[in-house]
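>>> Requesting a structural model of the entry that follows:
(one chain, ligands or ions: 1)
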Amino acid sequence: MLSYQHIYHAGNLADVQKHALLAWMLEYLTQKDKPLSYIETHAGRGLYDLGSDEALKTGEAQAGIDLAEGWFPADHPYIQRLTECRAMFGPRAYPGSPMIAALGLRETDTIHLAELHPQENAALKANLGDFGANIQKRDGFEMALALTPPTPRRGLLLIDPSYEVKDDYLTIPKALSQIARKWNVGILALWYPILQSGAHGPMLTALAAQFPDALRHELRFPPVREGHKMIGTGMFIVNPPYGIETETKRLSACFPT
Ligand code: SAM
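Modelled structure (predicted):
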């Protein structure tokens, strides 16, 4: 049974890296007039209240976006999505990745979201219902395999598991290579935690062997609490868009180590 709830972690430094790169890539893709597909396998609830008891309990947003907002220029697409989200939902609202996509994309674009947890799925439908997204209560990898290659064929897939199912580390390289075979022009972005235990290591070794031209961007940070196992955040991007290295270098220069 799934128990992970992203509200405890929304807006932390891992979200800052993932959401900044996601917003940047979607802006890059929307520079062309042609419509695109956005597919997300592990969507969460799409919208978070950083003033909620759950978010305040961990303090991760305070050590995350609350500090990091100043690292970005006001016209950065991540800050633009954050500002739009707060104008719509209040000053402590925080956009999850589906909301970043919904706010950044156009009416001609298509959004497919999978979220398996019943409560998170219901909240996602309530939060994203007005944006015309196709929301499924289904295993995200299964949905991505069924949809690819999508129509429109241009686009981006985000895989952002909670890794509470430890088999994810074993199954992701195979799932990503199946999806890449079916959708060889898609930008395929995978988020992963950097763990003190090194449990993410074999997955990265397998992915690097399968996708030698992929971009791997990692940032380290001090654990948010004593004993916290996550010491950094990573994005593995197959078919990375042109120019993203400049953005990853800019982000790396801002992060605390
Ligand atoms: N991507 C979101 C964001 O950045 O705003 C956060 C997603 S959270 C890290 C991972 C979510 O995946 C959780 O809400 C969990 O319920 C869901 N989940 C776990 N296993 C899943 C699966 N096999 N298919 C779809 N959703 C799953």
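
>>> what's next to stretch 194-203, contact-wise?
The contact list for stretch 194-203, computed with CB atoms under 8 Å, 6 or more residues apart in numbering, reads 166, 169-170, 172-173, 192-193, 218, 220, 223, 229-234. Where you see a C-beta, it was placed from the backbone N, CA and C, and this is true even at glycine.

>>> same deal with stretch 164-178?
Residues lying outside stretch 164-178 but in contact with it, judged by CB under 8 Å, 6+ apart, are 2-4, 141, 144-145, 159, 161, 163, 188, 190, 199-200, 202-203, 206-207, 210-211, 238.

>>> burial measure for the residue of the chain found nearest the ligand, as a count.
Closest residue of the chain to the ligand, CB to the nearest ligand atom: Gly96 (2.7 Å). Gly96: 29 surrounding residues under other CB atoms under 10 Å.

>>> Lys125 too?
With other CB under 10 Å as criterion, Lys125 counts 16.

>>> Contacts only, for it.
Per CB under 8 Å, 6+ apart, neighbours of Lys125: Ile135.

>>> residues from the stretch 101-250 of the chain in reach of the ligand?
Applying CB under 6 Å from any ligand atom, we find that the stretch 101-250 of the chain lies next to the ligand at 114-117, 120, 139-140, 160-162.

>>> circling back to that earlier point, double-check the residue of the chain closest to the ligand against His42; I have them as touching.
No. Between Gly96 and His42 there is no contact, the gap being 10.5 Å when judged by CB atoms under 8 Å.

>>> what packs against the longest helix seen in the chain?
As assigned by DSSP state H, the longest helix anywhere in the chain is helix 13-29. Applying 3 or more CB pairs under 8 Å, 6 or more residues apart in numbering; DSSP states H and E, we find helix 13-29 packed against helix 65-68, helix 77-89, helix 97-104, strand 155-159, strand 187-195, strand 215-220, strand 230-238, helix 244-254.
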